[in-house]
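Q: sequence plus predicted model, see below.
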Amino acid sequence: MKKIQEKIRGFVPCKRAAPDKQAGGRAVDYRNYRLTERELMVYTIQGIGTAAFVGYIFYHSLIAMVFLLPYVPFFLKRKKAELRDVRLRELNYEFREGIMALSAALGAGYSVENAFREALADLRLIYGDDRTITREFRYMAGQIEMNVTVEKLLLDLAERSGLEDIKSFAEVFATAKRSGGDLIMIIRSTASRISQKAEVQREIVTTMMEKQFEQKIMSYIPFFIIFYMKMSNPEFMEILYGNVTGAVVMTICLVIYICSVFIAGKITGIEV
């Protein structure tokens, strides 16, 4: 069973492990998401259940359910993408608090290296030890003790996350440190800009989530209609099951449904 789970998990490889799961503090690649054992089990069951439900509704056949099982890897891939996007949004929102804590430590007279340790202490009070930004600052503080430069760590975080705000901050920070600029002013102005942008993004995401929820509800309606007709008037639906013509008609309907859901997902899945 373990080998099967590893095989399923491996169809979208993750290059690095999460920092909180590595005693040595290895960096996590936020562009990829690795499902936990529990998530893998839950979403695999959900995928199998979805395939079985579709097979029953559209074909009323156990064989059709088996043929629809290849949908499970695609279901897992979609869930990984959703969880990855949630984690990236979380990191982007929390990064603002991180650089604000860093700015406060620099304003108190700490060096850049020590400021990260002080910022880590503040983030632990705000978010606790298990949040994304806390784990990331803990990782960077450990790397600083190993004489890795702050500029390199920030640029590495920007590369691993792929977030434009972190990349911009890392580049500005590196330039200011090399040229002897006012780091406190630069960090505060950058934090203010990121904060304003984050608030706008939060409003857009909230609005889009409402539309996405509506789209999900609409995507379930055809199943409920077919199920209701099967339960209320089974003789009327019987012609669609157990024969080639009915299977062809239901397959065409299923293809149209999948295309509609895909197009609706593209419309409501606008990146912000």
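A: Right, received. Where do you want to start? None of the values given here were measured: they were computed from a predicted structure. Numbers count the residues shown, from 1 in each chain.
Q: burial of Ser260, as a residue count?
A: Counted with other CB atoms under 10 Å, residues neighbouring Ser260 total 13. Placement of C-beta: from N, CA and C, glycine included.
Q: confidence score at it?
A: With respect to pLDDT, Ser260 has a value of 86.
Q: contacts only, for it.
A: Ser219 (CB atoms under 8 Å, 6 or more residues apart in numbering).
Q: how about the helix or strand containing Val261: buried residues?
A: Using DSSP states H and E, Val261 falls within helix 244-268. Neighbour-count burial for helix 244-268 flags 246-247, 250, 254, 264, 268 (criterion: 16 or more other CB atoms under 10 Å).
Q: turn those residues into CSV, columns for pLDDT.
A: Below are the buried residues of helix 244-268 laid out as CSV (pLDDT from 0 to 100):
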residue, pLDDT
Gly246, 84
Ala247, 86
Met250, 88
Leu254, 88
Ala264, 79
Thr268, 68
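Q: can you pull out the low-pLDDT segments for the stretch 1-150 of the chain?
A: 1-26 (pLDDT under 70).
Q: if we use 90, what do you get?
A: Filtered on pLDDT under 90, the stretch 1-150 of the chain yields the residue ranges 1-36, 50-71, 78, 82, 85-86, 88-119, 121-122, 125-132, 141-142, 144-150.
Q: can you name the farthest residue from the center of the chain?
A: Relative to the centre of the chain, and counting by CA atoms, centre = their mean, the farthest-placed residue is Glu235 at 44.8 Å.
Q: residue ranges of the helices in the protein, please?
A: For the chain, helices defined by DSSP state H occupy the ranges 2-9, 37-59, 62-67, 71-107, 112-127, 132-145, 150-161, 164-179, 183-232, 234-237, 244-268.
Q: packed most tightly, which of these would that be?
A: Of the helices of the chain, the one with the most neighbours on average (mean count of other CB atoms under 10 Å) is helix 132-145, at a mean of 21.
Q: what's that one packed up against?
A: helix 71-107, helix 112-127, helix 150-161 (3 or more CB pairs under 8 Å, 6 or more residues apart in numbering; DSSP states H and E).
Q: quick one, what contacts the residue nearest to Gly162 when sequence neighbours are not counted?
A: Excluding its sequence neighbours, the residue lying closest to Gly162 (CB to CB, 6 or more residues apart in numbering) is Arg31, at 5.2 Å. For Arg31, the contacting residues are 84, 160-162, by CB under 8 Å, 6+ apart.
Q: pull the most distant pair out of these.
A: Greatest spatial distance in these: Arg84 and Arg160, 12.2 Å, computed using CB to CB.
Q: what sits in contact with each of the two?
A: Taking CB under 8 Å, 6+ apart as the contact criterion, the common neighbours of Arg84 and Arg160 are 30-31.
Q: got TSV for the helices of the chain, with distance to Ala27 too?
A: Below are these laid out as TSV (distance: least, CB to CB, whole Å):
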stretch	distance to Ala27
helix 2-9	20
helix 37-59	21
helix 62-67	42
helix 71-107	13
helix 112-127	15
helix 132-145	6
helix 150-161	6
helix 164-179	13
helix 183-232	21
helix 234-237	55
helix 244-268	31
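Q: contacts only, for Leu106.
A: Contact analysis of Leu106 by CB under 8 Å, 6+ apart lists 112, 115, 183-184, 187.
Q: make that Ile186, sorry
A: Neighbours of Ile186 in contact, by CB under 8 Å, 6+ apart: 172-173, 176.
Q: how about Ala247?
A: Shown in contact with Ala247 (CB under 8 Å, 6+ apart): Tyr59.
Q: how close does it get to Ala64?
A: Here Ala247 is placed at a distance of 8 Å from Ala64 (CB to CB, to the nearest Å).
Q: cool, Tyr30 as well?
A: Distance, Tyr30 to Ala64, using CB to CB: 39 Å.
Q: mind checking the end-to-end distance for stretch 52-72?
A: By CA to CA, to the nearest Å, the extent of stretch 52-72 from end to end equals 11 Å.
Q: which residues sit against it?
A: 8, 44, 47-48, 50-51, 223, 226-227, 230, 241-242, 247, 250-251, 253-254.
Q: between the buried residues of helix 244-268, which is nearest Glu97?
A: Within these, the smallest distance to Glu97 is 29.0 Å, found for Thr268 (CB to CB).
Q: and the residue positioned nearest the centre of the chain, how far from Tyr139?
A: The chain has Arg84 as the residue nearest its centroid, 2.0 Å off, counting by CA atoms, centre = their mean. Plainly put, Arg84 is 19 Å away from Tyr139 if you go by CB to CB.
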